[in-house]
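[1] Here is a sequence with its predicted model. Questions after.
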Amino acid sequence: MSSDFSEFHAAFFEESFDAIESMEQSLLILETDATDPDAINTIFRGAHSIKGGAGMLGFSELGHFTHVMETVLDQMRDGTQTVSTHVIDVLLRSVDILRNMLTAQQQHAPLDPGSFKAVLEELVALEAGNSASENSEVTEPQPPEEPPAIEEPASVAQQYEYYFDLRPYPNFFSEGIDPARFFDALSELGALEVSTEVARVPKLEKMEPETCYLRWFIKLTTDAEPEQIKGLLDWLDGHCDYDFEHIPLENPTDNEPGSPPPAESTTEPSAATASPQESAVVETVKESDAKDIATSKPSPTQATPRQSTEASSLRVGIDKVDALINLVGELVITQSMLSRFGDDLDMLEVEDLRKGLAQLMRNTRELQESVMRIRMLPIKFSFSRFPRMVRDLCGRLGKQVEVQLQGEQTELDKTVLDKLSDPLVHIVRNAIDHGIEDPDVRVAAGKSPTGLLRLNAYHAGGSIVIEVSDDGAGLDSQRILEKAQNKGLVSPGDSLTEEAIHNLIFAPGFSTAAEVNDLSGRGVGMDVVRRNINDLGGNVDIHSKQGQGSTITIRLPLTLAILDGQLVRVGTETYIIPLVSILESLQPSPQNVNTIAGGGEVYRMRDQEIPIVRLHRALSIEPDNHDISDGLIVVADVEGGPVGLLVDDLLAQQQIVIKSLEANFQQVPGLSGATILGDGTVALILDIPGLVQHHLKRSPAPIASAA
Amino acid sequence: MQQQTSPNLAEEKDSTRGQFLTFILDNEEYAIEILRVQGIQGWDRVTPIPNTPEYILGVINLRGSIVPILELRRRFELPSIDFGPTTVVIIVKILDNGNERTLGIVVDAVSEVYSLPLDEVRPPPEFSSEKNLEFVKGIATVDDKMLILLDVDTLLGDGSFRQLNTPIEDVA
C-alpha cells in the first residue's frame, strides 16, 4: 500500500469500529421493530462506509465481505428482504466477523478465510433468496416536491418566477457546501419547487459519496426582487455553474397550499431538498417517509449532517487531553502556593492582591472542573454492549431476559469507564447465569418466564453509582454459608448477619456454582471484581432476597485524578488521607485505650472498640511521641469496621491532585499515590485499606464488636 | 597530555566516540552516557517512602513529576557518608522493560565530561570471587585513570545486588 495512505489507517479503524457498534445496536433494535427505517439505514451506512474505506486502503477481503453485507442490507431497505430473526442473526454474526477482520487488519495479523467463509455463504444465500432484482441504483428522480407551507403574505407586490438551473462541480460537497441552506433561504422567500436530476449518479459501488452528481432545477415564486435573489447566488461562485432567469408575473399568484413540512426532518429544511441519493447526503434517506410522516415513527434526532460546517464534537487524541489535565494540575498547585503567601501578608496593604488571589482560585477551580469534564464519557459506552451480550447468553443458556438500561447518559472519567468494563461484564454474566432462572422454573415460581436485568447509573454525592439488578433467584444464604464453612472462611461457631453472608461471595476462591462453565462459576470472578473496583477507589455491595432477585451496587469516584484529602502530620512528614474514608477524628483519652493479648491496641469509642493502627509504625517514621493520648485518632471507614489511625496532628483539608508513583518508581504497598503540596514538597497519599490490612495482619486483630 | 575533556565539534559528530559524564563514588570514578543525564542538582530534602529498600531515600518533586532518589553508595552496599556541599544528585533517564523512567542518584561529587572513543571501552574483567557486575557496562581508561561505565538501567531493578568494590588494578 502506498505510504500516503497509512496515516489514514488509524482514522479508518477508529471510525469503522464505531460504525460496527452502531450497526450492532441497530440490528438489535430491528429485532424488536423490523420496520425502523433509521436502524436499517444506520446499518447500511456503516457497511457502506467501511466498504469505501476498505476499498481505498486496499483491504480487499474486508471490502468484499462488506459489499455482500451491503447488498443484503440494501434489499432490506427497499423491502425485498424480510427482516427475520434468521436474517438478524446472520447479520449479527457478520458484524462479529467484521470486527475480527478489522482487528486482524489493524494488528497486521493474518486472517483465516475459513473463519468467515460460513457467514459469507449465508449472506450470499440471503441475497440470492430474493427474486427482486438488486436495487442498487436509485435513478428515478423524485417528482417535484410540494412547496413548503410558507404562507405567502397576501400582498400586491410584484411577483416573479425565478428559474435556476444549478450544475454543481463534482467537489461541491467536499468544499463544505450545504445546498440545504440555499434551499432554506429560498423557501423563506416564497413558494419553492425543486427537482433533482440524478441521471449522472453512478451505481452504488462506483459512487463516491463525497462527489456531487446532482443537478437541480428550481422554481421559486416570490415577490423578492431579482437583485436580492441574485445576491443569494453569490455563494455558488467557484463551486457551481448556474443559469438563472426571472419572469415578472402579471398578477400576484395564489400560493399552492404547501404540504405540512415534514416536522421530524432534522437538519434538512422542509421538503425542498429532493435529493434522494441516500448515501450522498446522510439524512435524506428519510425522504420517502417525508410524505407519510404521520404514519412513520418519529425520527430520533440522530441524523448527523455529514457536510455540516459546524461539528458538534471532535476527536481529540487522549494524550492531548492528558497533557492539558497535567497543566491544569500544575496550575492548581501554583495557585495554592500563591494563596499561602497571600495569607501571610498585611491585609491593608495588599487587599487587591488578596482579591486577585481569591479570583485566581475561583478561576483555577472552574478551569479544572471544565478540563476534568473533557475526559468524562457517558456510561452508555459501557452499557451498550450488554443487550447483545445478554441476547447471545440467553441463546446459549436457553433463558429469556429483557435488558433495561437507565441513566445511560451518566458521565464518568474515561479511565474509570475502561476499567469498569470487565467487572460489569462479569457481574452481568453472573446475573444471567446464576441469577435468572430457566423459564419453566420461573413460571413454576409464579414469575414471568422472561427475566428482567436492569442496569442503572446515577450520580450521588461525588460518586457515580451503578446498579445491576435482576429478578432472579437471589442468593441462597444457606448454601453460601455452608460453602464458606467448607472452605474455612467461616468458623462453625460464628454467627453472621444475612448481609455478611452475602458479602462472602466476594471472598477469593468462592463459588457455589454446581458446575463450572466457561462463562462464570470458576470462583475467580467476584473477588477480582471487588478488588478491581477497590483499586479504582470505589466499593461494591450486594443486596439480595432469596427467590426475588439481587442488586449489585457499585460506587465509584467520578474521577481518578483529584481527591479531597485530609492532611495529617506524623513526625516531620505530611500525609494525605482521602476525606471520603474518614468517619470522624477525636482526641483520645487514656482510659479508653486498651491492649489486647498479642500486642494489639484498641480504643473504646462510644459503644464499640476499634483497633488502632499506629501510622508511625506502618510508615516507619519517628513520631512526636509514642503515647496514644498525646496524638490524635482519625477514625477511618474500612471494610470490616472502623479503624483508628494514630497521627500527631491534623492539618488542612484540601483538594489535591493525584500524582503517580508508578510513572517513575513503582507501586508501593500502603500508598495509593503522591501529591505536591503548596510548598513544592511531595506528600504521600495513604491507601488506608491496604495499610490496615497489612498492619492488622501482623499483630492479631481484634474484631470490632459491639459492647 | 592527551586528556580529552571537552569535546570539539569534530568529535561530536564522530559516531565512534561517546560522551560521558563522570562522578566520584567512594574514590572510584564512574561514567554515565551523557544522553542519559537529564540534569544535576544539589541535595535537597526528600519525602521518604515506606516499604522500600534502604537505598531508596524517597521521592522528590521534579517539575511536577514524582521522581525517586536513590543513594548510590547504599545501592552498591558501601557505607554511607554524610551529605555535604559537594553532594549532588544526578537525574538520569532509565529504560525499564521499554518504559522510560526518571531517577535521581546521590553521588559523592560530579567530575567531568569526557569524550571517549567507543572502541576503547572494554568489557569488565572477571573477578576472582563471584561478583555481580550487573551495574557495569564496561571499563575505559583515560590518562591512567580507570572509568567504570555504569549501566543505569539496572539501578532500579530488583535483581539482588552483590558487591562491586575492590579497586581494580589498572591493567593499562
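    That came through fine. In this text, all values refer to a predicted model and were calculated from it rather than measured experimentally. Residues are numbered from 1 along each chain as shown, chains lettered A, B, ... in the order given.

[2] A:E193 looks like it's in a strand, true?
    Yes. Checked against DSSP: H, G, I helix; E, B strand; the rest coil, A:E193 lies within a strand.

[3] Give me the neighbour count for it.
    19 (other CB atoms under 10 Å in any protein chain shown). C-betas here are computed from N, CA, C, even on glycine.

[4] residues touching the closest residue to it other than its chain neighbours, list them.
    Among residues not flanking A:E193 along the chain, A:K219 sits closest, at 4.4 Å (CB to CB, 6 or more residues apart in numbering or on different chains). For A:K219, the contacting residues are A:161-164, A:192-194, by CB atoms under 8 Å, 6 or more residues apart in numbering or on different chains.

[5] Of the residues you listed - the most surrounded one?
    That'd be A:L192 among the contacts of A:K219, by other CB under 10 Å, with 28 neighbours.

[6] Chain B: strands as residue ranges?
    Listed in chain order, the strands found in chain B under DSSP state E are B:17-25, B:28-33, B:37-42, B:56-62, B:65-71, B:88-96, B:99-107, B:109-117, B:136-142, B:145-150.

[7] Mean neighbour count and distance to chain A for the ones you listed - can I get that in a markdown table?
    Formatted as a markdown table, the strands of chain B follow (neighbours: other CB atoms under 10 Å in any protein chain shown; distance: least, CB to the nearest CB, whole Å):
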| stretch | mean neighbour count | distance to chain A |
| --- | --- | --- |
| strand B:17-25 | 20 | 20 |
| strand B:28-33 | 20 | 17 |
| strand B:37-42 | 14 | 11 |
| strand B:56-62 | 21 | 5 |
| strand B:65-71 | 22 | 4 |
| strand B:88-96 | 19 | 9 |
| strand B:99-107 | 20 | 5 |
| strand B:109-117 | 17 | 22 |
| strand B:136-142 | 19 | 22 |
| strand B:145-150 | 20 | 18 |
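
[8] mean pLDDT lowest for which of those?
    Note on the strands of chain B: lowest mean pLDDT is at strand B:136-142, with a mean of 85.

[9] How about exporting that one as PDB, limited to the C-alpha atoms?
    Extracted in PDB, the C-alpha atoms of strand B:136-142 (Å, rounded to 0.1, in the frame of the first residue of the first chain):
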ATOM      1  CA  VAL B 136      28.800  -2.200  35.000                       C
ATOM      2  CA  LYS B 137      28.600  -1.800  31.300                       C
ATOM      3  CA  GLY B 138      32.300  -1.600  30.700                       C
ATOM      4  CA  ILE B 139      35.700  -0.100  31.700                       C
ATOM      5  CA  ALA B 140      37.600   2.600  30.000                       C
ATOM      6  CA  THR B 141      40.900   4.300  30.700                       C
ATOM      7  CA  VAL B 142      41.600   7.900  30.500                       C
END
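
[10] could I get the strands of chain B as a markdown table with distance to A:V602?
    Listed next are the strands of chain B as a markdown table, based on distance: least, CB to CB, whole Å:
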| stretch | distance to A:V602 |
| --- | --- |
| strand B:17-25 | 49 |
| strand B:28-33 | 52 |
| strand B:37-42 | 47 |
| strand B:56-62 | 32 |
| strand B:65-71 | 35 |
| strand B:88-96 | 43 |
| strand B:99-107 | 42 |
| strand B:109-117 | 52 |
| strand B:136-142 | 53 |
| strand B:145-150 | 51 |
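
[11] The ones you listed: which one's closest to A:L73?
    strand B:99-107 (45.4 Å; CB to CB).

[12] Among the strands of chain B, which comes closest to A:L214?
    strand B:99-107 (54.2 Å).

[13] relative orientation of that closest one and strand B:65-71 in degrees?
    In terms of direction (axes from the mean of the first three to the mean of the last three CA atoms, to 10 degrees), strand B:99-107 departs from strand B:65-71 by 40 degrees.

[14] just checking, what packs against strand B:99-107?
    Packing partners of strand B:99-107 (3 or more CB pairs under 8 Å, 6 or more residues apart in numbering or on different chains; DSSP states H and E): strand B:17-25, strand B:56-62, strand B:65-71, helix B:72-75, strand B:88-96.

[15] In TSV: the ones you listed, plus distance to A:E408.
    TSV is the format used below for the helices and strands packed on strand B:99-107 (distance: least, CB to CB, whole Å):
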stretch	distance to A:E408
strand B:17-25	56
strand B:56-62	40
strand B:65-71	37
helix B:72-75	53
strand B:88-96	40
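
[16] can you tell which of these is closest to A:R606?
    strand B:56-62 (38.7 Å).

[17] A:A636 and chain B, how far apart?
    Distance, A:A636 to chain B, by CB to the nearest CB, to the nearest Å: 17 Å.

[18] residues in contact with that residue?
    Per CB under 8 Å, 6+ apart, neighbours of A:A636: A:577, A:581-583, A:642-645, A:688, A:692.

[19] Could you say which helix or strand holds it?
    Element membership for A:A636 (DSSP states H and E) is strand A:632-638.

[20] Direction included, what does that strand pair up with?
    Strand A:632-638 pairs in its sheet with strand A:582-586 (antiparallel), strand A:641-647 (antiparallel), by DSSP bridges.

[21] average model confidence for that strand?
    Mean predicted lDDT for strand A:632-638 stands at 90.

[22] what's the closest non-adjacent residue to A:I177?
    The shortest distance from A:I177 to any non-neighbouring residue, by CB to CB, 6+ apart, is to A:H239 (5.8 Å).

[23] For that neighbour, the count of nearby residues, please.
    With other CB under 10 Å as criterion, A:H239 counts 18.

[24] now it: how far from chain B?
    From A:H239 to chain B the distance is 50 Å (CB to the nearest CB).

[25] Got phi/psi on that residue?
    Per-residue torsions, A:H239: phi -120, psi -10 (degrees, to the nearest 10).

[26] swap in A:G670?
    phi 90, psi -10.

[27] correct me, but it touches A:R617?
    No. Assessed by CB atoms under 8 Å, A:G670 is found out of contact with A:R617, at 11.4 Å.

[28] Find me the pLDDT at whichever residue of the stretch 101-250 of chain A sits closest to chain B, would you?
    Closest residue of the stretch 101-250 of chain A to chain B, CB to the nearest CB: A:Q107 (18.2 Å). pLDDT for A:Q107: 84.

[29] go on, A:E205?
    The model reports A:E205 with a pLDDT of 78.

[30] Could you check how far A:V465 is from B:L103?
    Separation of A:V465 from B:L103 (CB to CB, to the nearest Å): 41 Å.

[31] Skipping adjacent residues, who's closest to the residue of the stretch 351-500 of chain A found nearest chain B in space?
    The stretch 351-500 of chain A approaches chain B most closely through A:Q368 (14.8 Å), counting by CB to the nearest CB. Excluding the flanking residues, the one nearest A:Q368 by CB to CB, 6+ apart is A:V328, at 5.0 Å.
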